[in-house]
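Asks: give me a 3D structure for the following:
(one chain, ligands or ions: 2)
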Amino acid sequence: MIILAIETSCDDTAIAIIEKKNKNIKTLGSVVSSQDKVHEKWGGVHPSEAKREHEKNLLPATEEATRKARILKKGKVETPKNIENISSPKNPFPKKLRIFFEKYKIEKVDAVAVTIGPGLEPCLWTGVNFAQTLALYLKAPIIPVNHIKAHILSFLFKEENPDFPAVALIASGGHTELVLIKSLSEFILLGETRDDAAGECFDKTARVLGLGYPGGPAIAKKAAKARHKNLFTINLPRPMKYTKNYDFSFSGLKTAVLYDFLSRDKKTQKDENYITQMAREIEEATTDVLLFKLEKAIKNYKAKTVILGGGVTANKVLRKKVKKLQINFFKNIKFFLPPISLCTDNAQMIGAAATIGEKIKDVKKIKANANLKIYDKI
Ligand code: KG4
Ligand code: ZN
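Replies: Numbering: from 1, shown residues only. Ligands and ions are numbered 1, 2, ... in the order given. You can find the predicted model right below:
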């Protein structure tokens with residue numbers, strides 16, 4: 001089975017071609033078109049700019065991914081008769097794809113997978129509209145995918161199977177969730193952020209410190225410098241660390257950074273030693289709370305597998321702490337820590353999740369759902 005997967009839930013336009021043969025899943029072609037430069041001036045993702053970028057990037061990314069997978073051929077595909085059904089002034093893809101399919105054909109695709117939620121509504125709809133139009137041209141069904149489940153299901157690329165129950169920590173720019181997984185079809189939300197996501201905290205504090213977007217990698221780079229010089233004189237709070245539940249809160253951390261920054265004189269605010277120390281403490285505080293609650297969930301639910309995912313789990317300090325946790329306390333538990341390219345948003349994970357998803361033949365039925373939950377059917 002070959003799946004063409006589409007991801008547009010936030011600010012990355014991603015396309016991947018996934019092949020499932022027997023029980024093995026492999027990537028034949030994958031493209032992630034980042035919009036970081038576009039959103040830098042806002043210090044975060046600007047939804048309508050993101051939508052416009054997706055509209056611009058989806059077809060070029062599809063061309064590149066299908067070419068890499070060697071399924072793009074010169075040719076011509078007739079415009080499907082039912083294309084008007086999904087054609088509206090807001091859907092630019094019938095026109096774009098008509099021009100594309102006058103020159104090309106895409107072979108061997110058995111299904112089109114697309115993220116339907118959670119995420120930014122206008123971005124999700126752009127992906128869904130593209131999937132619907134493409135699916136009609138390819139005469140293929142659509143497999144709708146939950147973005148957070150896809151982060152978790154990235155482990156399907158591994159040869160090793162998870163043992164259940166499993167506990168997953170998904171931390172990204174839009175989400176911070178602890179999930180209990182009893183089987184491949186039973187996901188239970190243990191806790192989530194009550195305000196900002198962990199990645200959002202990195203992004204917003206980086207903006208306070210003038211470090212640019214995305215904040216996570218920028219903070220990590222500065223923090224490494226402070227560690228190198230052994231500088232640590234700043235203390236930030238660990239919000240909700242000791243609460244009995246599995247919820248998180250990161251907006252207080254952001255406010256603490258802002259107040260500390262504003263209390264300093266102009267010279268200190270620009271001082272490299274101050275910025276690097278603050279970056280280090282932001283990284284320590286965030287990863288400390290994430291790890292503490294993850295450890296509690298592993299113990300309380302007697303997890304046999306631990307899964308990490310989302311952009312924040314690309315953080316090297318967090319990854320080191322996770323590995324230490326395993327070596328020190330959970331040697332007999334499986335830990336699935338994806339490679340960096342599978343931590344941040346990508347379409348490979350959407351394709352992998354689709355291998356166990358449901359094919360919908362009537363593609364018009366597919367709808368975006370910005371508030372899709374981990375326990376929803378899809
Ligand atoms: O999963 P992702 O690519 O997109 C969302 O669904 O949000 O995650 C992006 C988030 C951003 O907030 C970014 O600052 C953060 O992940 N991030 C990191 C690192 N790399 C990306 N945070 C901390 N350390 C990193 N190395
Ligand atoms: Zn994500």
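Asks: up against ligand 2, what does the stretch 201-350 of the chain have?
Replies: Asp345 (C-beta under 5 Å from the ion). For every residue, glycine as well, the C-beta is placed using N, CA and C.
Asks: hey, where'd the helices end up in the stretch 201-350 of the chain?
Replies: Applying DSSP state H, counting those that start in this stretch to the stretch 201-350 of the chain gives helices spanning 215-229, 251-263, 266-270, 272-300, 316-329, 340-343, 348-354.
Asks: just those helices: most buried one?
Replies: helix 348-354 (a mean of 31; mean count of other C-beta atoms under 10 Å).
Asks: adding mean pLDDT and distance to ligand 1, write the helices of the stretch 201-350 of the chain out as TSV.
Replies: Converted to TSV, the helices of the stretch 201-350 of the chain look like this (pLDDT from 0 to 100; distance: least, C-beta to the nearest ligand atom, whole Å):
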stretch	mean pLDDT	distance to ligand 1
helix 215-229	96	2
helix 251-263	97	12
helix 266-270	97	21
helix 272-300	98	7
helix 316-329	97	7
helix 340-343	94	7
helix 348-354	98	10
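Asks: okay if I get the ones you listed as a markdown table plus distance to Asn24?
Replies: Below are the helices of the stretch 201-350 of the chain laid out as a markdown table (distance: least, C-beta to C-beta, whole Å):
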| stretch | distance to Asn24 |
| --- | --- |
| helix 215-229 | 32 |
| helix 251-263 | 42 |
| helix 266-270 | 53 |
| helix 272-300 | 29 |
| helix 316-329 | 26 |
| helix 340-343 | 16 |
| helix 348-354 | 11 |
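Asks: just the residues contacting the lowest-mean-pLDDT helix or strand in the chain, thanks.
Replies: When the helices and strands of the chain are scored by mean pLDDT, DSSP states H and E, helix 36-40 comes last with a mean of 78. Under the criterion C-beta atoms under 8 Å, 6 or more residues apart in numbering, residues Asp11, Val45, His46, Glu49, Ala50, Glu53, Gly212, Tyr213, Pro214 lie in contact with helix 36-40.
Asks: please work out the residue of the stretch 251-378 of the chain nearest to ligand 2 and name it.
Replies: Per C-beta to the ion, Asp345 is where the stretch 251-378 of the chain lies closest to ligand 2, at 4.5 Å.
Asks: for the stretch 51-200 of the chain, same thing?
Replies: Closest point on the stretch 51-200 of the chain to ligand 2, by C-beta to the ion, is Ser172, at 4.2 Å.
Asks: so what's the residue count around that residue?
Replies: 26 (other C-beta atoms under 10 Å).
Asks: my guess is it meets Gly199, correct?
Replies: Yes - with contacts counted by C-beta atoms under 8 Å, Ser172 reaches Gly199, the gap being 5.0 Å.
Asks: so what's in contact with those two at the same time?
Replies: Residues touching both Ser172 and Gly199 by C-beta under 8 Å, 6+ apart: Gly310, Gly311, Val312.
Asks: just put those in JSON lines and tack on pLDDT and distance to Pro118.
Replies: JSON lines is the format used below for the shared contacts of Ser172 and Gly199 (pLDDT from 0 to 100; distance: C-beta to C-beta, whole Å):
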{"residue": "Gly310", "pLDDT": "96", "distance to Pro118": "12"}
{"residue": "Gly311", "pLDDT": "95", "distance to Pro118": "15"}
{"residue": "Val312", "pLDDT": "98", "distance to Pro118": "16"}
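Asks: out of the residues you listed, the closest to Lys365 would be?
Replies: Relative to Lys365, the closest of the shared contacts of Ser172 and Gly199 is Gly310; by C-beta to C-beta it sits at 28.8 Å.
Asks: neighbours of that closest one, how many?
Replies: By other C-beta under 10 Å, the residues close to Gly310 number 27.
Asks: thought it was touching Val179?
Replies: No - if you go by C-beta under 8 Å, Gly310 and Val179 don't touch, sitting 11.3 Å apart.
Asks: run a quick neighbour tally on Ser183.
Replies: Neighbourhood size, Ser183 [other C-beta under 10 Å]: 10.
Asks: ok, for it, nearest residue in space, not its chain neighbours?
Replies: Once flanking residues are discounted, Ser183 sits nearest to Phe164: 5.7 Å by C-beta to C-beta, 6 or more residues apart in numbering.
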